[in-house]
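1. following is a predicted model, sequence given first.
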Amino acid sequence: MAIAFALTDEQEALRDLAHDFARTEMRPVSAHHDQTGEYPWEVLKKANEQGLMNTHIHEEDGGIGIGAVDGMLIAEELAWGCSGIGTAVEANGLAQQPVILGGSPSLRKKYLGMFAEKFSLCAYAVTEPNAGSDVQGLKTTAVKQGDKWILNGTKMWITNAGVADWYFVVALTDPARLARGGMTGFIVERSWPGVSVGRKEYNMGQRCSDTRGITFENVEVPEENVVGVVGDGWKLAMAAFDYTRPGVAASAVGVARAAMEHSIEYASERKTFGQPIANHQAIGFMIAEMAMEIDAARLMTWRAAWLKDSGQRNTKEAAMAKAFASDVAMKVTTNAVQVYGGYGYSQEYPVEKLMRDAKIFQIYEGTSQIQRLIISRELMVRGK
């Protein structure tokens, strides 16, 4: 089978569209949203109008249904513009994916079709105060009563929690079985009685992304809002990551690329000992390593996405791309601050923000350590 790395004309146009949007709509307001933590409503509405949101919803459900590789092109460019705003733009996809994978036709029509009709947001609500990487620690419960489920519990660190119209929630429906068929996915609307949203968290980086806790107190969820079948909630929640982790990896590449470009520009202008610091081997080699690692991370990301588009299992490759690209983003942004020297440590220069923004890639959608656990298990269990 032939291997090709060239993009189609349509993909080139899509990448150009995303890049131009990031350059003209995101970068000019990035510092403002970082400093204030203000949610980027207007930027998101413009992104939605230009077709840069909700891109993986299938055509029969009102979307455009582009592939995973195409999604990577968009994600990298948006994160190059501002990863905080980019996360806000991309967050819908993680909540939508379990519904795309397991939702009934009526559920998809109602909760995915709405995105074609109006600007709307949703959130993936799985993590809890004592259950992030530890699945067995999940405490939120849903108890069947007639034709409803009564939901009680707390979720934490939920992106889009305060702005979403609905949440994809995983709860225990058979505590004895836990992740082995004892967890079920539900769609829960934010406006329903018993749903309480906590205060906005002010984080190290990506500060305009809306992150909050959610509390459910005797929330009545109708039977038709079960996603997939009872007991398959954790399976759906994890399957979504095979689609979204390459997107996180692509976003990490975008942040790293931005840091490298700033480093090249600064190193070409800043002079010491009578010449640009780029001519000094210590700096030149540092930037060369940035370029090598960014290129490797991008290729790993594209492979993970291509496997998904080809209908092949990509769990290991998605984890590898996410872990590697996240580590590259942290290393490249840290070195970009080093290239800038004292200036890099100042908020007046762009690489300081990029370094803060990069850290979360090693944490959300599964920590870098969890990715390594997934990779090792895939190797040991599947032998490849």
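-> Sure, I can see it. Numbers count the residues shown, from 1 in each chain.
2. contacts and neighbour counts: CA atoms only from here.
-> OK.
3. need the contact list for Glu25.
-> Val43 (Cα atoms under 8 Å, 6 or more residues apart in numbering).
4. please apply the same query to Gly65.
-> So Gly65 contacts 55-59 (Cα under 8 Å, 6+ apart).
5. helices of the stretch 1-150 of the chain, residue ranges please.
-> Assigned by DSSP state H, counting those that start in this stretch, the stretch 1-150 of the chain shows helices spanning 9-21, 27-36, 41-49, 68-81, 83-102, 105-111, 114-117.
6. okay, now the unreliable bits of the chain?
-> Applying pLDDT under 70 to the chain flags the ranges 1-2, 383-384.
7. okay, now the domains of it?
-> Residue ranges for the domains of the chain, per automatic domain parsing: 9-117, 122-234, 238-382.
8. out of those domains, nearest to Ile3?
-> Nearest to Ile3 among the domains of the chain is domain 238-382 (11.1 Å), distances taken as Cα to Cα.
9. what's the residue closest to the geometric middle of the protein?
-> In the chain, the residue lying closest to the centroid (Cα atoms, centre = their mean) is Val248, at 4.6 Å.
10. ok but that residue is inside a helix, no?
-> Yes. Val248 forms part of a helix when assessed by DSSP: H, G, I helix; E, B strand; the rest coil.
11. close enough to count as contact, it and Gln362?
-> No. Shown here, Val248 and Gln362 do not form a contact pair, counting by Cα atoms under 8 Å, at 9.9 Å.
12. adding distance to Ile3, write the domains of the chain out as TSV.
-> As requested, these are exported to TSV (distance: least, Cα to Cα, whole Å):
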stretch	distance to Ile3
domain 9-117	15
domain 122-234	35
domain 238-382	11
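13. which residue ranges of the protein form strands?
-> 122-125, 141-145, 148-159, 166-172, 183-189, 195-197, 211-222, 226-227, 271-272, 275-276 (DSSP state E).
14. show me how far the fifth one is from its chain's centre.
-> Right, the one you point to is strand 183-189. 20 Å (Cα atoms, centre = their mean, to the nearest Å).
15. what do you get for stretch 307-319?
-> For stretch 307-319, the distance to the chain centre is 17 Å (Cα atoms, centre = their mean).
16. numbering from 5 from now on, please.
-> In the new count, where the first residue is 5, that last one comes out as stretch 311-323.
17. quick check: end-to-end length of that stretch?
-> Terminal residues of stretch 311-323 lie 13 Å apart, using Cα to Cα, to the nearest Å.
18. residues making contact with it?
-> Contacts of stretch 311-323 (Cα under 8 Å, 6+ apart): 71-73, 245-247, 249-250, 304-305, 307-309, 375-376, 378-379, 382.
19. buried ones in it?
-> 311-313, 318-323 (16 or more other Cα atoms under 10 Å).
20. how far away is the residue nearest to the centre of the chain from Ser124?
-> Taken as Cα to Cα, the span from Val252 to Ser124 is 21 Å.
21. repeat that for Gly85.
-> As judged by Cα to Cα, Gly85 and Ser124 stand 22 Å apart.
22. who is the residue nearest to Ser200 when sequence neighbours are not counted paired with across the strands?
-> Nearest residue to Ser200 in three dimensions, chain neighbours excluded: Thr219, at 5.1 Å (Cα to Cα, 6 or more residues apart in numbering). Beta-bridge partners for Thr219, by DSSP bridges, are Thr158, Ser200.
23. quick one: contacts for Thr219?
-> Thr219 makes contacts with 156-159, 198-202, as judged by Cα under 8 Å, 6+ apart.
24. hmm, try it at 6 Å
-> Counting by Cα atoms under 6 Å, 6 or more residues apart in numbering, Thr219 touches 157-158, 199-200.
25. can you tell me which of those has the most neighbours?
-> In terms of neighbours by other Cα atoms under 10 Å, the contacts of Thr219 top out with Thr158 at 23 neighbours.
26. looking at the contacts of Thr219, which is nearest Met294?
-> Thr158 (40.7 Å).
27. that older thread, of the contacts of Gly69, buried ones?
-> 59-62.
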